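Q: here's a sequence, model it:
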Amino acid sequence: MKRIHASILLALLTTAMPVYADSVSAQKAYNEGDFATAFREFKADGSAKSLFQIGLMYANGKGVKKDRREAVKWYRKSAEQGFGKAQVTLGLMYSLGDEVRQDKKEAAKWYRKAAEQGLADAQFATGQIYDRGEGVHQDRAEAAKWYRKAAEQKHANAQLNLGVKYDNGEGVEKDKKEAAKWYQKAAEQGISRAQYLLGHLYDKGDGVLLDKKEALKWYRKAAEQGYALAQYNLGLLYDRGDGVPQDNGEALKWFRRAADKGNADAQFAVAQAYVKGISVKKDLKVGLKWYRKAAEQGQADAQFLLGQIYDKGELVKQDRKEAFKWYRKAAEQGLDQAQFILGLMYFNGFGVKQNKIEALVWFQKAAEQGHDQAQKTLEFLGKRRSPML
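A: Residues are numbered from 1 along each chain as shown. As a prediction, the model looks like this:
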């Protein structure tokens with residue numbers, strides 16, 4: 001399911017809601033397209049449902065001039081009489097600041113009233129406001145409570161969010177099996193993120209039995225809906241021959257789709273394919289383009305390799321200052337190779353002002369991660385106490 005912007009959601013809600021009022025004659029007139037009569041009958045009836053329908057008529061310009069501010073007035077009258085659909089609609093309008101002054105507390109109030117009447121959409125919205133602390137004090141346990149209420153009514157996004165709560169131990173005790181249960185329910189309703197997360201649990205054997213074929217199935221479902229992380233992970237399974245016969249071409253197809261959506265790891269994988277000529281004609285310039293895209297998003301391996309490209313002057317003019325910049329970015333993310341080379345650059349003054357103390361700092365960082373050359377360099381410097389390079 002694709003994400004729908006909240007203002008579009010409100011429009012869909014208020015246009016898709018069926019006419020259903022206490023006044024049979026008003027409903028009959030509306031269904032027959034006699035909106036003027038329906039409007040009079042709804043107004044005469046005065047029930048909460050009829051008042052809500054008047055609001056919808058103003059919102060949609062049926063039988064009256066379209067006037068969304070007037071619609072709010074009638075929604076409020078209906079909501080104050082306890083009609084749940086009016087309450088959740090009013091909550092959404094306050095949440096968005098749509099024809100009313102944005103007021104998260106007021107939104108929370110109306111969502112909660114509708115939630116207490118059992119409306120799944122309102123229960124989900126109430127869970128979200130407690131999750132985010134919007135208009136209320138943030139309370140993860142309270143959020144989980146309302147997600148559960150909506151999830152038990154088969155609200156797909158509530159099932160997903162409840163699964164996330166159990167997955168991360170937020171507001172509930174961490175329970176991967178329970179997470180998998182709720183992901184499964186949401187995934188079966190077509191929620192792409194739930195499909196990806198369920199696939200990931202099967203991929204790792206976390207809360208469920210390790211099952212690469214099942215992981216593949218759910219990754220594919222999410223990937224086909226355009227979920228980038230699922231596309232990347234599906235590519236990995238094909239790349240490794242994990243749960244499926246190895247197929248580098250199929251792997252590259254999914255890596256490319258994820259890369260086009262901005263997934264940095266997939267961009268790095270596409271770069272590697274072009275640089276090495278795996279299932280595609282070798283093209284170092286295209287590879288460089290994808291390394292840069294990934295590096296600019298913080299992908300450490302891409303940053304390191306981009307540093308090497310500038311360091312050696314491959315496909316670009318040699319530029320040690322630029323090389324230093326990318327090595328540093330990768331080193332700061334903990335990549336031991338980058339930390340070691342950064343140490344060398346500081347030690348020798350390549351691309352940066354010479355600073356042997358700073359060099360020792362980076363040698364030490366790399367050595368602590370088990371980098372053999374860094375450990376040997378520190379041993380040598382400790383014995384000689386003089387430059388080795």
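Q: apart from its chain neighbours, what residue comes closest to Ala26?
A: The shortest distance from Ala26 to any residue other than its chain neighbours is 3.3 Å, reached at Glu41 (Cβ to Cβ, 6 or more residues apart in numbering). Heads up, the C-betas are built off the backbone N, CA and C, glycines and all.
Q: ramachandran angles for that neighbour?
A: Dihedral pair for Glu41: phi -70, psi -40, per degrees, to the nearest 10.
Q: and for Gln102?
A: phi -60, psi 130.
Q: quickly note the distance from it to Gln138.
A: 19 Å (Cβ to Cβ, to the nearest Å).
Q: likewise for Ala264?
A: 30 Å.
Q: so where's the stretch 1-150 of the chain shaky on pLDDT?
A: 1-22 (pLDDT under 70).
Q: re the thing from before, and the residue nearest to Ala26, what does it touch?
A: Applying Cβ atoms under 8 Å, 6 or more residues apart in numbering, we find Glu41 in contact with Ser23, Ser25, Ala26, Ala29, Ser50.
Q: and what about the third one, helix, strand or coil?
A: This means Ala26. helix (DSSP: H, G, I helix; E, B strand; the rest coil).
Q: burial measure for Ala271, as a count.
A: 28 (other Cβ atoms under 10 Å).
Q: so it sits against Leu284, correct?
A: No. Using Cβ atoms under 8 Å as the test, Ala271 is too far from Leu284 to be in contact (9.8 Å).
Q: need the overlap of contacts for these two.
A: By Cβ under 8 Å, 6+ apart, no residue touches both Ala271 and Leu284.
Q: quick one on the thing from earlier: ok, the residue nearest to Ala26 to Phe83 distance?
A: In terms of Cβ to Cβ, Glu41 sits 17 Å off from Phe83.
Q: ranking the contacts of Glu41 by neighbours, who comes first?
A: When neighbours are counted by other Cβ under 10 Å, Ser50 leads the contacts of Glu41 with 28 neighbours.
Q: state the distance from the closest residue to Asp206 other than its chain neighbours to Asp211.
A: Nearest residue to Asp206 in three dimensions, chain neighbours excluded: Lys176, at 5.2 Å (Cβ to Cβ, 6+ apart). Remark: distance between Lys176 and Asp211 (Cβ to Cβ) = 14 Å.
Q: same question for Ala156.
A: Counting by Cβ to Cβ, the gap from Ala156 to Asp211 is 23 Å.
Q: next, Gly262: secondary structure please.
A: Gly262 ends up coil, using three-state DSSP.
Q: burial count for it?
A: Counted with other Cβ under 10 Å, Gly262 comes out at 12.
Q: likewise Gly249?
A: Neighbours of Gly249 (other Cβ under 10 Å): 11.
Q: pop out the phi and psi values for it.
A: Here Gly249 shows phi and psi, under degrees, to the nearest 10, equal to phi -70, psi -40.
Q: contact partners for the residue lying closest to it once chain neighbours are set aside?
A: Residue nearest to Gly249 in three dimensions, not counting chain neighbours: Ser279, with 4.3 Å by Cβ to Cβ, 6+ apart. Ser279 makes contact with Asn248, Gly249, Ala251, Leu252, Ala273, according to Cβ under 8 Å, 6+ apart.
Q: which PyMOL command selects the buried ones in those residues?
A: The buried residues among the contacts of Ser279 can be selected in PyMOL (16 or more other Cβ atoms under 10 Å) with this line:
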select buried, resi 248+251+252+273
